[in-house]
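[1] Kindly generate the corresponding structure for this input.
(one chain, ligands or ions: 1)
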Amino acid sequence: MVHKYEQVAASIRESIARSLSPHDALASERELMAIHGVSRMTVRKAISVLVEEGRVYNVHGSGTFVGSADIFSKTPKLTSFTEDMISRGSTPSSRVLELTRIAAPDQVASALGLAPSSEVTKIRRLRLADDTPIALEEVYLPTTVLPTESLNLGSSLYEQLRVAGYEVFRAEQEIMAISLSADDSHLLDVAEGSAALSVTRVSSSRRGQLIEFARTTYRADRYTFQLAVTRDDK
Ligand code: GLP
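    Numbers count the residues shown, from 1 in each chain. Sure, this is the predicted structure:
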């Protein structure tokens, strides 16, 4: 038996394919109830199926929108340092090294699509897991995303961004092997010149707003990257 919610989901899938573009709004819950002659619960169930498929996404208080094509592609999971450490069974913590408001350096302004010298917040933190230094983070955020004064650097930056309406959804990353400088070796508590992984991340919201430019330096003896890869269907 085909459930009613599956029929509604199929019909929404069709109308997306026929007449909607990424980020267009779907009809409201009430309209969908009237169009399909079903209850609110059935509409919600249908939408949740489509959310799971990555075809649509909800924005709290504004409705449901059509997802963009890249949401379908399988990419490794995007996590914050906090989530990353918790999933590895460790307790994360931070030591703040710097918090300043500055004119964006050229590389940061161009990565974040900002006018030259726009104001950004620069954050440098030493990140630890079970009190062992793991990474050094240098993060730049446009001050329009989160005001410098409102930041609480003892806790997760991504959680604060999410609460402010800028959930980090996608990131372009570049991973490079480096040798640590004397200062960074000291902070990470390893021998001078030790190997490290430098990860440059440019993060964006679900709506494609550029949110963060970050350079995170991970101790190579304490951190690995795991990527799941799949062969394309021929
Ligand atoms: C990782 C990312 C950074 C990001 C940070 C946020 O370290 N490489 O780009 O800023 O996570 O972590 P949290 O939310 O724990 O502050």
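[2] helices and strands of the protein: which one bottoms out on pLDDT?
    Within the chain, judged by mean pLDDT, DSSP states H and E, the helix or strand with the poorest mean is strand 56-59; its value is a mean of 82.
[3] what comes into contact with that one?
    Strand 56-59 is touched from outside by Ile12, Ile16, Leu26, Ile47, Leu50, Val51, Thr64, Phe65, Val66, Gly67, Ile71, Arg206, with contacts defined as CB atoms under 8 Å, 6 or more residues apart in numbering. For every residue, glycine as well, the C-beta is placed using N, CA and C.
[4] Only whichever of the residues you listed are buried, select them in PyMOL.
    This is how PyMOL selects the buried members of the contacts of strand 56-59, with burial counted by 16 or more other CB atoms under 10 Å:
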select buried, resi 12+16+26+47+50+64+65+66+67+71+206
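[5] Name the member of the contacts of strand 56-59 with the shortest distance to the ligand.
    Closest approach to the ligand among those (CB to the nearest ligand atom): Arg206, at 16.8 Å.
[6] Just the pLDDT for that closest one.
    Looking at Arg206, its pLDDT reads 88.
[7] which residues does the spatially closest residue to it that is not a sequence neighbour contact?
    Nearest residue to Arg206 in three dimensions, chain neighbours excluded: Phe169, at 4.2 Å (CB to CB, 6 or more residues apart in numbering). When contacts are counted by CB under 8 Å, 6+ apart, Phe169 touches Leu78, Ser204, Ser205, Arg206.
[8] how about Met33, phi and psi?
    phi -60, psi -40 (degrees, to the nearest 10).
[9] Now do it: how many residues are near it, please.
    Using other CB atoms under 10 Å, the number of residues around Met33 comes to 18.
[10] Surely it touches Arg40?
    Yes: at 5.9 Å, Met33 counts as touching Arg40 under the criterion of CB atoms under 8 Å.
[11] Spell out which parts of the chain neighbour the ligand.
    Taking CB under 6 Å from any ligand atom, the part of the chain that reaches the ligand is made up of 80-82, 137, 139, 156-159, 199, 201, 212, 214, 216.
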